[in-house]
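> take a look and give me a structure for this.
(one chain, ligands or ions: 2)
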Amino acid sequence: MSAVPRAVATTGTDTAIVLLGTGVVGGALLRLLATPAASTLYLVGAANSKRQVANARGLVPGRVAAALAESAAGRDDAGLLAALDDSGAAHRVVVDATASADEAARHADWLGAGYHVVSANKAATGETLAAWDDLRRAGRRGGVLYGDAATVGAGLPVLSTLRRLRDCGDRLLALDGVFSGSLSWLFNQFDGSRPFSALLREARAFGYTEPDPRLDLGGADVARKLLILARTAGHPIDTTDVAIESLVPAALRDVPLEAFLARVEEFDADLERRRADAAQRGRLLRFLARLDEHGRARVGLTEVAPTHPAARLAGTDNLFALTTHRYRAQPLVIQGPGAGPEVTAQALLGDVLALTAAQARAGV
Ligand SMILES: NC(=O)C1=CN([C@@H]2O[C@H](COP(=O)(O)OP(=O)(O)OC[C@H]3O[C@@H](n4cnc5c(N)ncnc54)[C@H](O)[C@@H]3O)[C@@H](O)[C@H]2O)C=CC1
Ligand SMILES: N[C@@H](CC=O)C(=O)O
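Residues are numbered from 1 along each chain as shown. Ligands and ions are numbered 1, 2, ... in the order given. All right, here's what the predicted structure looks like:
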């Protein structure tokens with residue numbers, strides 16, 4: 001068990017956290033928790049899908065992976081929440097770095113019970129409008145905050161910008177761009193020199209894709225981000241309002257993940273044909289998202305000219321073009337890496353630090 005007594009007693013102003021998910025993003029957050037930037041935080045619990053460790057006096061982030069491997073199998077969120085309660089910390093935070101719909105469905109309960117939630121998991125805010133509304137009500141009831149910076153653009157300052165514009169009375173008119181780091185990377189590389197399937201395997205190895213890459217390739221991950229952005233901007237749109245083009249061949253949509261991963265070559269023929277056809281017209285393929293002035297939303301593969309802003313992205317770059325009432329002659333554009341462990345973990349840490357600071361300012 002990787003527990004060490006904390007060096008000092010709780011001051012009443014510090015922050016205890018439990019971390020759900022110790023994969024690509026959660027693992028990077030554990031590394032960040034060992035840096036001076038996180039010196040006011042202490043980790044009292046961590047879990048993967050099968051095991052958990054908890055100690056109200058604190059865990060050593062660098063020893064969590066080994067402690068999980070040594071622990072008995074079994075998961076129970078109640079044990080992790082008990083560690084938060086027993087910690088005596090002023091601020092108790094659940095960090096969700098899973099892609100689990102079950103954990104996402106618990107966010108509202110945690111908020112209602114007075115735990116702050118910081119999430120990279122989009123399944124809570126990016127699915128039904130009813131779930132979105134529930135979260136907001138629960139946060140108000142519990143008097144706590146919800147950190148969502150990691151859910152869009154892997155922490156690029158998009159949601160914070162939309163909130164600021166909205167606070168100033170500005171209104172989002174349209175939203176355009178590339179909202180997926182993995183799809184950006186894939187189509188930035190896909191020039192016919194290597195099969196799409198080989199690139200997909202590489203993107204997964206880099207940690208850019210969702211645990212199940214069909215969420216990316218099927219457009220659902222981009223649609224979730226579009227919904228989160230639109231709702232944050234005050235447009236109450238629901239999942240059924242987004243037209244989604246899936247790139248996943250019908251035969252691969254419902255097979256188990258392992259079978260899907262063994263058959264990704266089935267993407268190659270169709271995508272290579274689409275790429276070559278576009279190239280003949282002097283155009284490139286990009287996976288774009290758009291919300292127009294009439295509230296119509298679409299995500300899908302689009303042919304763009306080489307001069308299109310999406311054609312000039314590199315790496316995992318995301319691009320968000322926000323056309324608002326006050327930015328209507330030219331959109332406000334935010335661009336930068338939109339996937340990857342370090343930037344996403346930093347977004348989670350930034351949210352934990354920001355909510356602690358906000359509570360301190362409010363005298364909580
Ligand atoms: N990889 C990236 O660049 C980005 C990822 N995200 C989001 O971060 C989340 C995690 O992504 P990755 O770290 O890439 O996935 P991953 O597959 O590497 O890690 C997921 C982790 O969650 C754990 N897990 C699954 N169900 C759990 C449960 N019920 N309780 C506790 N742990 C559970 C798994 O055991 C694993 O440790 C996803 O929601 C993803 O959308 C967000 C922005 C960027
Ligand atoms: N799989 C996602 C990761 C970040 O949300 C993406 O590709 O953008």
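> my read is that Lys122 contacts Ile228, right?
Yes: with contact defined as C-beta atoms under 8 Å, Lys122 reaches Ile228; the gap is 6.6 Å. C-beta here means a position set from N, CA and C on the backbone, and glycine is covered the same way.
> who in the stretch 251-364 of the chain is up against ligand 2?
With C-beta under 6 Å from any ligand atom as the criterion, the stretch 251-364 of the chain meets ligand 2 at residues 338-339.
> try it again with 5 Å
Along the stretch 251-364 of the chain, the residues adjacent to ligand 2 under the rule C-beta under 5 Å from any ligand atom are Ala339.
> how about the strands of the stretch 251-364 of the chain, start to end?
284-291, 297-304, 317-324, 332-337 (DSSP state E, counting those that start in this stretch).
> and the shortest one, which strands flank it?
Using DSSP bridges, the strands paired with strand 332-337 are strand 317-324 (antiparallel).
> not counting stretch 260-275 itself, show me its contacts.
Contacts made with stretch 260-275 from outside it, assessed by C-beta atoms under 8 Å, 6 or more residues apart in numbering, are listed as 190-192, 195-197, 200-201, 204, 212-214, 217, 247-249, 251-252, 255, 285, 301.
> on that earlier part again, shared neighbours, Lys122 and Ile228?
Thr151.
> check contacts around the closest residue to ligand 1 within the chain.
Among residues of the chain, the one nearest ligand 1 by C-beta to the nearest ligand atom turns out to be Gly23. It sits 2.0 Å away. Gly23 is in contact with 48, 97-98, 211, counting by C-beta under 8 Å, 6+ apart.
> show me what contacts Val152?
Shown here is Val152, whose contacts under the criterion C-beta under 8 Å, 6+ apart are 158-159, 179, 225, 228-229.
> between those residues, which sits nearest Gly338?
Sorting the contacts of Val152 by distance to Gly338 puts Phe179 at the head of the list, at 7.1 Å, by C-beta to C-beta.
> buried residues in stretch 127-142?
Of the residues in stretch 127-142, those buried by neighbour count under the rule 16 or more other C-beta atoms under 10 Å are 127, 131-132, 134-135, 138-139, 142.
> what sits up against it?
Stretch 127-142 is touched from outside by 104-105, 107-115, 124-125, 145-146, 224, 227, 231, 236-239, with contacts defined as C-beta under 8 Å, 6+ apart.
> mind running it again at 7 Å?
Stretch 127-142 has contacts (C-beta atoms under 7 Å, 6 or more residues apart in numbering) with 107-108, 111-114, 124-125, 145-146, 231, 236, 238-239.
> dump those residues to a markdown table, plus pLDDT and neighbour count.
Shown next, in a markdown table, are the contacts of stretch 127-142 (pLDDT from 0 to 100; neighbours: other C-beta atoms under 10 Å):
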| residue | pLDDT | neighbour count |
| --- | --- | --- |
| His107 | 98 | 24 |
| Ala108 | 98 | 23 |
| Leu111 | 97 | 26 |
| Gly112 | 97 | 17 |
| Ala113 | 96 | 15 |
| Gly114 | 96 | 13 |
| Ala124 | 97 | 26 |
| Thr125 | 98 | 24 |
| Leu145 | 96 | 22 |
| Tyr146 | 98 | 21 |
| Arg231 | 97 | 19 |
| Pro236 | 95 | 11 |
| Asp238 | 97 | 14 |
| Thr239 | 97 | 15 |
